[in-house]
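Q: make a model of this:
(one chain, ligands or ions: 1)
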Amino acid sequence: MLSLDLLEKYNTRGPRYTSYPTAPVWQETFGPEDYKNALVSTNLPPSDPLSLYVHIPFCESRCLYCSCNIIVTNKRDQAEKYLNSLFQEIEQVAALTHSSRRVVQFHWGGGTPTYLTPEQMERLFQFQKDHFQFAEQAEIAIEIDPRVTASEQLHLLKALGFNRVSLGVQDFNAKVQETVNRVQPVDMTASMVDECRSLGFESVNFDLIYGLPFQTVETFRQTLKEVIQISPDRIALYNYAHVPWMSPYQKQLPEAELPSGSEKFQIFQLAMQLLTDTGYVYIGMDHFAKPEDSLSVALKSGTLHRNFMGYTVKNQSEQPHGDTELYGFGVSAISSLNRCYAQNHKKLSTYDEAVKKRILPTHRGIMLSDEDMLRRKVILGILCQGEVDFAAFESDFPIRFKAHFADALQQLAGPTEDGLLTWTERGFQLTALGRIFSRNIAMAFDAYLSTQTQSEKQPMFSKTL
Ligand code: SF4
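A: Below is the predicted model of the structure:
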């Protein structure tokens, strides 16, 4: 079904829609006071559940493909200083949060959260628990790097209540690993997964990347074989975005050895086939999960959601128009409230300075208009449920769907002809093929894309596949 012709037609550049409006649209005129006001106004009872994200920016070494906001350092006292800033930020936000709100999702990401010592991890966790109320069944997740995670840390995490782990793997091929400066043999990863499972972590996720230098269909087939053998519950298969003008360390990668567009496509096609043949369910946009995993169950029941942490499960007690609000802590962390997005300063010194002055460290953000709210809901419907029901939107918003989105619907004529979607009495639905290109369908409803200048030489967004 997935032909090279279709790939060429639809493999355009576009946002990943972990938010709408997407981050390039946010403004620096949105500052600490705006975020504070938004926090106050969303903390009136009755209160909805919360998600919390904490960013730990430190890494012991740099993987050359990485475009995360990280700090490579062996000066461990930096982490201690950072914790002090985090504590101040947590205190400030917790003071504005209604005490009845329960944390249903909690995530430590980075960087490398296990860069922290066991004592620091315990202190940080306890500090958050002292300032927020956790729901009994909260999903508590952490990103771990097998190269810098000790058995003692895993035991501690389990004892603290963490129930999910996510491991960066990327590729098991030795040459690829050496080239990207991330040597992590398959045995090291497999034994860490074994240990996580024997400790009782409920879910193990792997992050893989396709499109790295020296990857071929055959080398990636071997990586996939080894991944399938270890059998993680979820797999995120990311398309490597080579953007050295935005991530300068990528300049150290041998460009001539990057797989060509058609080879990348074949690698993706192979992964799709091997993973689904093995029983993994394609959740959407790079994500796969075992059929019994909560993401697969949510896909079936229409309760899939998407935020900065990728695909998640919608909380049952959420407001019909809302999502679980997400408070992000730490340098560069993003928060997502019902009607606004806010991002913290990306530079550590600026972040530290703000929290020391007892100012929220907000660097930029956006307040959503009614039109943004409407379009966000349509885009989430496409990416998460794979369908748009016009009548449902007409009952929630004061619009006639066909008239309001006449331009966008016109853009769907091509995808309809190509078998990406079908029309129903109530709206449209993405086909299995359309779900692979869901970003392209969603882009038709993005009101900002036409105003964003996309330089062909230095584009802002990665390719959709
Ligand atoms: S991929 Fe992970 S470990 Fe590697 S540099 Fe990026 S954040 Fe650090």
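Q: list the contacts of the residue nearest to E325 when sequence neighbours are not counted.
A: Excluding the flanking residues, the one nearest E325 by C-beta to C-beta, 6 or more residues apart in numbering is L337, at 5.0 Å. (Each C-beta comes from the backbone N, C-alpha and C, glycine too.) When contacts are counted by C-beta atoms under 8 Å, 6 or more residues apart in numbering, L337 touches A38, L39, T42, E325, L326.
Q: neighbour-wise, which of the residues you listed leads?
A: E325 (25 neighbours; other C-beta atoms under 10 Å).
Q: assumed E89 was part of a helix.
A: Yes - under DSSP: H, G, I helix; E, B strand; the rest coil, E89 falls within a helix.
Q: need phi/psi at the residue of the stretch 151-300 of the chain found nearest the ligand.
A: At 5.1 Å from the ligand, G168 is the closest residue in the stretch 151-300 of the chain, using C-beta to the nearest ligand atom. Here is the backbone geometry of G168 (degrees, to the nearest 10): phi -80, psi 120.
Q: could the contacts of L337 go into CSV alongside distance to the ligand?
A: Output for the contacts of L337, formatted as CSV (distance: C-beta to the nearest ligand atom, whole Å):
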residue, distance to the ligand
A38, 29
L39, 28
T42, 30
E325, 25
L326, 20
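Q: closest to R164 among these?
A: Checking these against R164 with C-beta to C-beta, the nearest one is L326 at 16.2 Å.
Q: okay, T303: pLDDT?
A: What the model reports for T303 is a pLDDT of 89.
Q: once you drop chain neighbours, what's closest to it?
A: That would be K314: by C-beta to C-beta, 6+ apart, it lies 4.3 Å from T303.
Q: for this structure, what lies in contact range of the ligand?
A: C59, R62, C63, C66, C68, I70, G110, G111, T112, D145, G168 (C-beta under 6 Å from any ligand atom).
Q: please redo it, this time with the cut-off set to 5 Å
A: Residues of the chain found near the ligand (C-beta under 5 Å from any ligand atom) are C59, R62, C63, C66, C68, I70.
Q: where is pLDDT lowest across the contacts of L337?
A: For the contacts of L337, the weakest pLDDT value sits at T42, with 90.
Q: just checking, it touches N338?
A: Yes - T42 lies in contact with N338 (C-beta atoms under 8 Å); the separation is 5.8 Å.
Q: re earlier: quick check, nearest of the contacts of L337 to M121?
A: Nearest to M121 out of the contacts of L337 is L326 (C-beta to C-beta; 21.2 Å).
Q: and the closest one, what helix or strand is that in?
A: strand 325-329 (DSSP states H and E).
Q: using CSV, write out every CA atom in the helix or strand just after that strand.
A: Where DSSP H and E defines the elements, the next helix or strand beyond strand 325-329 is strand 334-337. C-alpha atoms of strand 334-337 as CSV (Å, rounded to 0.1, in the frame of the first residue of the first chain):
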residue,chain,number,x,y,z
ILE,A,334,7.0,23.4,28.6
SER,A,335,3.7,23.7,30.4
SER,A,336,0.4,23.2,28.7
LEU,A,337,-2.7,24.6,30.4
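Q: now do the worst-scoring helix or strand of the chain on mean pLDDT: which elements does it pack against?
A: Every helix and strand in the chain was compared by mean pLDDT, DSSP states H and E; the lowest is helix 4-10, with a mean of 82. Applying 3 or more C-beta pairs under 8 Å, 6 or more residues apart in numbering; DSSP states H and E, one finds that helix 4-10 contacts helix 261-278.
Q: from the chain's centroid, how far away is the helix it packs on?
A: On the basis of C-alpha atoms, centre = their mean, to the nearest Å, helix 261-278 sits 21 Å off its chain's mean C-alpha point.
Q: next one: the residue of the stretch 151-300 of the chain closest to the ligand, what pLDDT does it get?
A: 95.
Q: same thing with D407?
A: Looking at D407, the pLDDT reads 96.
Q: what about it, which helix or strand?
A: helix 406-411.
Q: can I get that helix in PDB? Just the C-alpha atoms.
A: The C-alpha coordinates for helix 406-411 follow below in PDB (Å, rounded to 0.1, in the frame of the first residue of the first chain):
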ATOM      1  CA  ALA A 406     -14.100  25.100   3.400                       C
ATOM      2  CA  ASP A 407     -10.400  25.800   2.400                       C
ATOM      3  CA  ALA A 408      -9.100  22.900   4.500                       C
ATOM      4  CA  LEU A 409     -11.700  20.500   3.300                       C
ATOM      5  CA  GLN A 410     -10.800  21.400  -0.300                       C
ATOM      6  CA  GLN A 411      -7.200  20.500   0.400                       C
END
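Q: longest strand in this structure, please.
A: strand 133-144 (DSSP state E).
Q: whichever helix or strand comes after it vs strand 133-144, what angle?
A: Sequence order places helix 151-160 as the next helix or strand after strand 133-144, per DSSP H and E. Helix 151-160 and strand 133-144 are oriented at 160 degrees to each other (axes from the mean of the first three to the mean of the last three C-alpha atoms, to 10 degrees).
Q: so what touches helix 151-160?
A: 114, 118, 121-122, 125, 140, 142, 144, 165, 192, 195-196, 199-201.
Q: return the set of buried residues in it.
A: Within helix 151-160, the residues that count as buried by 16 or more other C-beta atoms under 10 Å are Q153, L154, L156, L157, K158, L160.
Q: reformat the residues of the chain next to the ligand as a markdown table; add neighbour count, pLDDT and secondary structure.
A: Shown next, in a markdown table, are those (neighbours: other C-beta atoms under 10 Å; pLDDT from 0 to 100; DSSP: H, G, I helix; E, B strand; the rest coil):
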| residue | neighbour count | pLDDT | secondary structure |
| --- | --- | --- | --- |
| C59 | 20 | 96 | strand |
| R62 | 16 | 96 | coil |
| C63 | 19 | 97 | coil |
| C66 | 19 | 95 | coil |
| C68 | 15 | 88 | coil |
| I70 | 21 | 92 | coil |
